[in-house]
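Chemist: Provided below for reference: sequence and predicted model.
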Amino acid sequence: ETLLARLRRAVGPGDPRLALAESRLRGAAMDREALAEARRLASAGQAQEAVARYREAFGGATPPEPLAVEFYTVLAGTEPGWASARQALAELAARRPGDPQFQLALGRILTYREPSRAEGIATLRRLAADPRVGSAATAAWRQAVIWLGTGRSAIPELEAFLARNPGDAGMAQRLAEARAAPTGEPAPGDLARQRGFEALEANRSRDAEAQFQAALAANRDDADALAGLGILRLRQGRAEEARALLERAVAAAPARAQQWRQALDGASYVTELAEARAAMRAGRTEAAEAALRQAVAREVPDRADAEALLGDILLRRGEAAAAEARYRAALARRPDFGPASAGLERALRDQGRIAEAEELARR
């Protein structure tokens, strides 16, 4: 705070570096537990609750700049917050033209709504050629094109995507379906599916469920509608139903299985983690370990809980070095995860690395 006061006197109130320093100082003083909870809520699809927790974490309505993309992406997933998120990201992108992260976030949220989807797709298509964000932009571009459905109107965007990504078998199959679609108005099931995904992105769970069910009433093997309903069930914490629906989606369209693989892994991870905890409570350590080893092999954004629980089992068995690796893997994904920090301290002590353990405890 003293250095910041000196900086204000030295550079004057209009210097952009002052605003950046103030933003980063706010970020350093944040409530880390509140931030972790906000991220958990966001990953569970509870965007409205996550936004409130984010604001509590950084102590105001606007985020520190390092968290701006993360926060406004979540805010855009709420019905009342999309417009303000769009405006804020547009302003940040204009102020930082050399940083493609803000343009990427803006392009992504533009695809959430049908009226701005074409603009968002154009932005993502351009950013896909930027090596700094190309992979993330391509993934978001692909998802936005999927939301267009497989009617004939989607053909130009499917062709544009495949021109840059010719090896994508799932999108090639969608293009074949679009070319084979009859001319005229899209089928009611296609419209329902598209509206379902739009409602899902806006976190309107009830509307999304109604639309996906309508699409499945028209075609019970509609792979995209099955996957959409599966993702909704996963957000609702109904992991077993989610896994069953996503497995049906994969069976209905094997060539497009990869686009649902992460959601299917997420459903399987939640189920396996619950099985492991139940087995540990019942004293069935081997069964718990087997479930946890399956869970940590899943492609999910945050495997910290399973990594830490597996570390606990290894530590009890006297395998302190192996437990240390698991705790460090958990902390790499969730740096402020208390159970993993406590477990790592015990693992270090068990290996006789007392100074490291005490330094960890002090931190």
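Modeler: Structure received. Numbering: from 1, shown residues only.
Chemist: how about the strands of the stretch 51-200 of the chain, start to end?
Modeler: Counting by DSSP state E, counting those that start in this stretch, the stretch 51-200 of the chain has no strands at all.
Chemist: strands of the stretch 201-350 of the chain, residue ranges please.
Modeler: With DSSP E, counting those that start in this stretch, there are no strands along the stretch 201-350 of the chain.
Chemist: what sits against the residue nearest the centre of the chain?
Modeler: Nearest residue to the geometric centre of the chain (Cα atoms, centre = their mean): Ser43, 5.8 Å. For Ser43, the contacting residues are Pro301, Asp302, by Cβ atoms under 8 Å, 6 or more residues apart in numbering. Quick note: C-beta positions are derived from backbone N, CA and C, even for glycine.
Chemist: ok, it to Gly237 distance?
Modeler: Plainly put, Ser43 is 12 Å away from Gly237 if you go by Cβ to Cβ, to the nearest Å.
Chemist: quick one: pLDDT of the residue nearest to the centre of the chain?
Modeler: The per-residue pLDDT reported for Ser43 equals 72.
Chemist: Arg132 too?
Modeler: Listed pLDDT for Arg132 reads 91.
Chemist: go on, the one 5 residues further on?
Modeler: The predicted local confidence for Ala137 comes out at a pLDDT of 93.
Chemist: now do Ala94
Modeler: At Ala94, the model reports a pLDDT of 92.
Chemist: same deal with Glu345?
Modeler: 94.
Chemist: which residues are in contact with it?
Modeler: Ala357, Leu360, Ala361.
Chemist: any residues touching the helix or strand containing the second one, and which ones?
Modeler: Right, the one you point to is Leu360. Applying DSSP states H and E as the criterion places Leu360 in helix 354-362. For helix 354-362, contacts defined as Cβ under 8 Å, 6+ apart pick out Ser341, Leu344, Glu345, Arg346, Leu348, Arg349.
Chemist: so how far is it off the chain centroid?
Modeler: 33 Å (Cα atoms, centre = their mean, to the nearest Å).
Chemist: mind saving the C-alpha coords of it as PDB?
Modeler: The C-alpha trace of helix 354-362 is given here as PDB (Å, rounded to 0.1, in the frame of the first residue of the first chain):
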ATOM      1  CA  ILE A 354      11.600 -31.900   8.000                       C
ATOM      2  CA  ALA A 355      12.800 -28.500   6.800                       C
ATOM      3  CA  GLU A 356      10.600 -28.700   3.600                       C
ATOM      4  CA  ALA A 357       7.600 -29.700   5.700                       C
ATOM      5  CA  GLU A 358       8.100 -26.900   8.100                       C
ATOM      6  CA  GLU A 359       8.500 -24.400   5.300                       C
ATOM      7  CA  LEU A 360       5.200 -25.700   3.800                       C
ATOM      8  CA  ALA A 361       3.500 -25.400   7.100                       C
ATOM      9  CA  ARG A 362       4.600 -21.800   7.500                       C
END
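Chemist: give the buried residues for it.
Modeler: By neighbour count on 16 or more other Cβ atoms under 10 Å, the buried set for helix 354-362 is Ala357.
Chemist: got the confidence number for Glu185?
Modeler: Glu185 carries a pLDDT value of 62.
Chemist: typo on my end, Gly283
Modeler: Listed pLDDT for Gly283 reads 89.
Chemist: what residues are up against it?
Modeler: Neighbours of Gly283 in contact, by Cβ under 8 Å, 6+ apart: none.
Chemist: now swap in Ala21 and tell me
Modeler: Ala21 is in contact with Leu4, Leu7, counting by Cβ under 8 Å, 6+ apart.
Chemist: now stretch 262-272, how far from the centre of its chain.
Modeler: Relative to the chain's own centre, stretch 262-272 is displaced by 13 Å; criterion: Cα atoms, centre = their mean.
Chemist: residues making contact with that stretch?
Modeler: Residues outside stretch 262-272 that contact it (Cβ under 8 Å, 6+ apart) are 227, 230-231, 233-234, 237, 239-240, 242-243, 246-247, 250, 291-292, 294-295, 298-300, 303, 306.
Chemist: name the residues of it that are buried.
Modeler: Ala263, Leu264, Asp265, Gly266, Ala267, Ser268, Tyr269, Val270, Thr271, Glu272.
Chemist: what strand or helix carries Glu22?
Modeler: Per DSSP H and E: helix 16-28 holds Glu22.
Chemist: what part of the chain, helix or strand, is modelled with the least confidence?
Modeler: Least confident helix or strand, the chain: helix 16-28 with a mean of 71, by mean pLDDT, DSSP states H and E.
Chemist: just the contacts of helix 354-362 now: which is nearest Tyr327?
Modeler: Nearest to Tyr327 among those, counting by Cβ to Cβ, is Leu344 at 3.9 Å.
Chemist: pretty sure that closest one sits against Tyr327.
Modeler: Yes - here Leu344 reaches Tyr327: they are 3.9 Å apart, a contact under Cβ atoms under 8 Å.
Chemist: these two - which one has more neighbours?
Modeler: In this view Leu344 and Tyr327 are compared by other Cβ atoms under 10 Å, and Tyr327 has more residues nearby, 28 against 25.
Chemist: distance of the more buried one from Pro339?
Modeler: Taking Cβ to Cβ as the measure, Tyr327 falls 9 Å from Pro339.
Chemist: where do the contact lists of those two overlap?
Modeler: Ala308.
Chemist: can you give me the neighbour number for Thr285?
Modeler: Residues lying near Thr285 (other Cβ under 10 Å) number 15.
Chemist: before we move on, what about the one 5 residues further on?
Modeler: Around Ala290 sit 15 other residues, with neighbours defined as other Cβ under 10 Å.
Chemist: again with Ala178
Modeler: Counted with other Cβ under 10 Å, the neighbours of Ala178 add up to 20.
Chemist: list the contacts of stretch 126-138.
Modeler: Pro100, Gln101, Gln103, Leu104, Gly107, Leu124, Trp141, Arg164, Asn165.
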